[in-house]
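Chemist: Test case, fold it:
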Amino acid sequence: MKSNKVTLSAVLLGATVAMTTAHAGNSDRIGSPPQPVPPVANPCPRLAASSVVEDPPALFSRGGVLTANFSYETIRDEAGRTLFCFMTPDGLENPTLHVRPGDHLVINVTNNTPSAPVEMEINPPNCGATEMTGSSMNLHFHGTNTSPTCHQDDVIHTTINSGQTFGYDVQFPWNEPPGLYWYHPHIHGMAEAAVQGGATGAIVVDGLEALQPAVRGLPQRVLVVRDQNVAGNPTPGGPDNVPSWDLSLNFIPISYPHYSPAVIEMLPDEKQLWRIANTCADTILHLQLQYDGEPQDLEVVALDGVPTGSQDGTRRGRITQTTDILLAPAARAEFIVTGPSRSVRNAALVTLAVDTGPDGDNDPKRPLATIRIAGRSRNEEPRTAEVAEAPWPQRFEGLRAATPTAERRLYFSEVLSDPSNPLSPTNFFITVDGATPEVFNANNPPAIVTTQGSVEDWTIENRSLEVHEFHIHQIHFLVRSQNNFEINGSQPDPSVQDQYLDMIQVPYWDGNPDHPYPSVTVRMDFRGPDIGDFVYHCHILGHEDNGMMAIIRVEPSSAAAALERFRIALGSLFGWFRASGAPPSSAWCVGGRPFPRAREGSKGYSNAATAIARLNPVTASAQRGLTHTELSER
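Modeler: Next comes the predicted model:
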């Protein structure tokens, strides 16, 4: 029995250390308040139509940390549209943030937009401001499987008002899938305006080549699609087929009515890895690469940040072949393309028309980019690594074979706020079947309560006459089935079946009372370390802003709670989990919350591993991130 006791103690201690590393409170890590980031001159620049596509500026982590300083700013363009952006002190707009599994993403952001009146009080617990104003902002790290706690990926209680500075320290899990994610403001009621204004940027968790050898050494592009109001606000549809929203590609406008496309340069027959993020607030994309009108094969290697076929325990991705990719707002796709040969006369990346339903937007067919054969490759062309590290355990392994602990049914619905007035605003709902529909409010109680360690099958129905796009924060889900699509006039998407996503489209109901509602069934994975309150919603942000969001609470399991009590007991008795070996000596406050200031020399780190990682001084160049040239020299 002695050996069994030793083994159990080792397991408990190991689990406790793992919990401490995963859940170390960021307040313990912060040694001083974040410094204000001043506004920059000429923020939120935009490019001319038909410009050549270049990758967004990129910052890279070093020594396990990527630090970025953001000034959140706004201006108006020549058409009177309000633009928003994140600017670095040296003038980079919405840079792509490259991290690796286990890294910390540290962002200090100052809201430099003009002040606005208070709109509502936010109930405790507060993270930052206690009131939401017309110019509030925060950050959401979309798709990342990170913690919903204060100073990480909390969007319910985190509020940053005009003139305020806030510090994020987001720890990426050590088993985070490598792929494309993104960031954007997520204040309820104002998300659509901020995202349509352009305040979106890509996040790349590097290491895709470890799970998918086919991408090794390939030139790679990060392509960010955004939408905005059509200049002059013409009525969508009609004989001129006016789109509900205009598009841009890496800030190159593709505007109605001329739709002048951006230009992508490639060598003849060149293979490239394209990483496309649909960061539109409302527009659905249906991507197709056409050479002289013929759809081309796309070799899909990742969807929504997860390498396709990689979560089955083999840690080896599988390529899926397709000629078109449906991307809901917020969805991402990474795929290998082969450039046109010299005999091709017209090569184009297009988005096909999308049927959004009788009550939906108008998303017509339009070009995004013309592919132009270049005489030579781009200077300093970013490429994936030629040599890959060994694959690591993946976050969602074992989910497919897991036995669900619960089954739930939810549904999208919408009603006029004044049924007697067809011009009154629409209220949007996402509701657990059997509950009363309720528009979202940050002060609402959770609509769903579950327990850490649970695996649940959710069926999400669409009971409305327009499409909706389901998204949940903090986790991904496994697509189990797409139900009743054909009877309502749509088709299931075979490319997403049995894949791990954080976005999925639920087609509209055709209104026939004899037809069942279209739905999807997905498997939710709450086995990870993240506990607390977070949200699920429709990611057509006009719908989310008008109520189509709700809160889920993941409570700690009894085993996790016991381990946490064990960790606290050990910490209080021996101080094992504080790098300084002593309790904090003083504190400073943000938004009324105390944050411990560590003793001199401890640097405020919450665990020894973090402190050791920080012993290597971070240079100024590392704090601003590495260029592609610097990265290649690591």
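Chemist: CA only for contacts and neighbour counts going forward, please
Modeler: OK.
Chemist: any weak-confidence spans in the stretch 251-400 of the chain?
Modeler: Within the stretch 251-400 of the chain, the ranges that satisfy pLDDT under 70 run 376-380.
Chemist: Tell me which stretches of it form strands.
Modeler: Applying DSSP state E, counting those that start in this stretch to the stretch 251-400 of the chain gives strands spanning 252-254, 262-266, 271-278, 285-291, 294-295, 298-303, 306-307, 320-322, 325-327, 332-338, 347-351, 366-373.
Chemist: so can I have TSV of these showing distance to Pro445 and mean neighbour count?
Modeler: Shown next, in TSV, are those (distance: least, Cα to Cα, whole Å; neighbours: other Cα atoms under 10 Å):
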stretch	distance to Pro445	mean neighbour count
strand 252-254	41	24
strand 262-266	46	21
strand 271-278	31	23
strand 285-291	34	22
strand 294-295	48	14
strand 298-303	32	25
strand 306-307	31	29
strand 320-322	41	15
strand 325-327	31	22
strand 332-338	31	23
strand 347-351	40	22
strand 366-373	42	23
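Chemist: Quick one: closest of those to Asp493.
Modeler: When these are compared by Cα to Cα, strand 325-327 sits nearest Asp493, at 8.1 Å.
Chemist: Neighbouring strands of that closest one in the sheet, and parallel or not?
Modeler: Strand 325-327 has its sheet partners listed here by DSSP bridges as strand 285-291 (antiparallel).
Chemist: Export only the CA atoms of the partner strand, formatted as CSV.
Modeler: Provided in CSV are the C-alpha atoms of strand 285-291 (Å, rounded to 0.1, in the frame of the first residue of the first chain):
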residue,chain,number,x,y,z
LEU,A,285,-18.3,34.5,-47.2
HIS,A,286,-18.5,31.6,-49.6
LEU,A,287,-14.9,31.4,-51.0
GLN,A,288,-13.9,30.0,-54.3
LEU,A,289,-10.7,30.2,-56.3
GLN,A,290,-11.5,30.4,-60.0
TYR,A,291,-9.1,30.1,-63.0
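Chemist: quick one: that strand to strand 366-373, angle?
Modeler: 30 degrees (axes from the mean of the first three to the mean of the last three Cα atoms, to 10 degrees).
Chemist: Quick one: residues in contact with strand 285-291.
Modeler: Here strand 285-291 makes contact (Cα atoms under 8 Å, 6 or more residues apart in numbering) with 278, 295-298, 323-329, 340, 344-354.
Chemist: Might you quantify the distance of that strand from its chain's geometric centre?
Modeler: 23 Å (Cα atoms, centre = their mean, to the nearest Å).
Chemist: Adding distance to Pro518, write the strands of the stretch 251-400 of the chain out as JSON lines.
Modeler: Shown next, in JSON lines, are the strands of the stretch 251-400 of the chain (distance: least, Cα to Cα, whole Å):
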{"stretch": "strand 252-254", "distance to Pro518": "33"}
{"stretch": "strand 262-266", "distance to Pro518": "36"}
{"stretch": "strand 271-278", "distance to Pro518": "24"}
{"stretch": "strand 285-291", "distance to Pro518": "20"}
{"stretch": "strand 294-295", "distance to Pro518": "28"}
{"stretch": "strand 298-303", "distance to Pro518": "22"}
{"stretch": "strand 306-307", "distance to Pro518": "26"}
{"stretch": "strand 320-322", "distance to Pro518": "24"}
{"stretch": "strand 325-327", "distance to Pro518": "17"}
{"stretch": "strand 332-338", "distance to Pro518": "23"}
{"stretch": "strand 347-351", "distance to Pro518": "24"}
{"stretch": "strand 366-373", "distance to Pro518": "28"}
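Chemist: how about those strands, which one is nearest Gly63?
Modeler: So among these, strand 306-307 is nearest, using Cα to Cα, at 23.9 Å.
Chemist: Quick one: residues contacting Gly313.
Modeler: Pro393, Gln394, Glu397, Gly398 are the contacts of Gly313 under Cα under 8 Å, 6+ apart.
Chemist: Does the last one touch Ser310 like I think?
Modeler: Read it as Gly398. No. With contact defined as Cα atoms under 8 Å, Gly398 does not count as touching Ser310 (11.2 Å).
Chemist: More neighbours: which of those two?
Modeler: For Gly398 versus Ser310, neighbours defined as other Cα atoms under 10 Å are more numerous around Ser310 (23 against 13).
Chemist: residues contacting the more buried one?
Modeler: Contact analysis of Ser310 by Cα under 8 Å, 6+ apart lists Leu211, Arg316, Gly317, Arg318, Gln394.
Chemist: got a winner among those residues for most neighbours?
Modeler: For the contacts of Ser310, the largest number of neighbours (other Cα under 10 Å) sits with Leu211, at 26 neighbours.
Chemist: Tell me how far the closest residue to that residue other than its chain neighbours lies from Ala58.
Modeler: Nearest non-adjacent residue to Leu211, counting by Cα to Cα, 6 or more residues apart in numbering: Arg316, 4.7 Å away. According to Cα to Cα, to the nearest Å, Arg316 and Ala58 sit 27 Å apart.
Chemist: How about His151?
Modeler: For His151, the distance to Ala58 - Cα to Cα - is 23 Å.
Chemist: would you turn the contacts of Gly313 into TSV with distance to Ile252?
Modeler: As requested, the contacts of Gly313 are exported to TSV (distance: Cα to Cα, whole Å):
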residue	distance to Ile252
Pro393	39
Gln394	36
Glu397	39
Gly398	42
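Chemist: Just the closest of those residues to His188, please.
Modeler: Comparing the contacts of Gly313 against His188 with Cα to Cα places Gln394 closest, at 31.9 Å.
Chemist: Contacts only, for that closest one.
Modeler: Residues near Gln394 by Cα under 8 Å, 6+ apart: Asn175, Glu176, Pro177, Ser310, Gln311, Gly313, Arg315.
Chemist: From the residues you listed, list the buried ones, please.
Modeler: Using 16 or more other Cα atoms under 10 Å as the burial test, the contacts of Gln394 include Asn175, Glu176, Pro177, Ser310, Gln311, Arg315 as buried.
Chemist: distance of the fourth one from Pro125?
Modeler: Taking Cα to Cα as the criterion, Ser310 is separated from Pro125 by 38 Å.
Chemist: Thr283 too?
Modeler: As judged by Cα to Cα, Thr283 and Pro125 stand 34 Å apart.
Chemist: between these two, who's got more neighbours?
Modeler: Thr283 (30 against 12).
Chemist: what about Asn138, neighbour count?
Modeler: Neighbour count of Asn138, defined by other Cα under 10 Å: 25.
Chemist: Can you give me the distance of the residue lying closest to it once chain neighbours are set aside to Ala116?
Modeler: In space, and not counting its chain neighbours, Asn138 is closest to Pro185: 5.1 Å by Cα to Cα, 6+ apart. Separation of Pro185 from Ala116 (Cα to Cα) stands at 17 Å.
Chemist: Between the two, which is the more surrounded one?
Modeler: Pro185 (24 against 13).
Chemist: The more buried one: what's it in contact with?
Modeler: Neighbour list for Pro185: Met137, Asn138, Leu139, His140, Ala191, Ala194, Val195, Ala199, Thr200 [criterion: Cα under 8 Å, 6+ apart].
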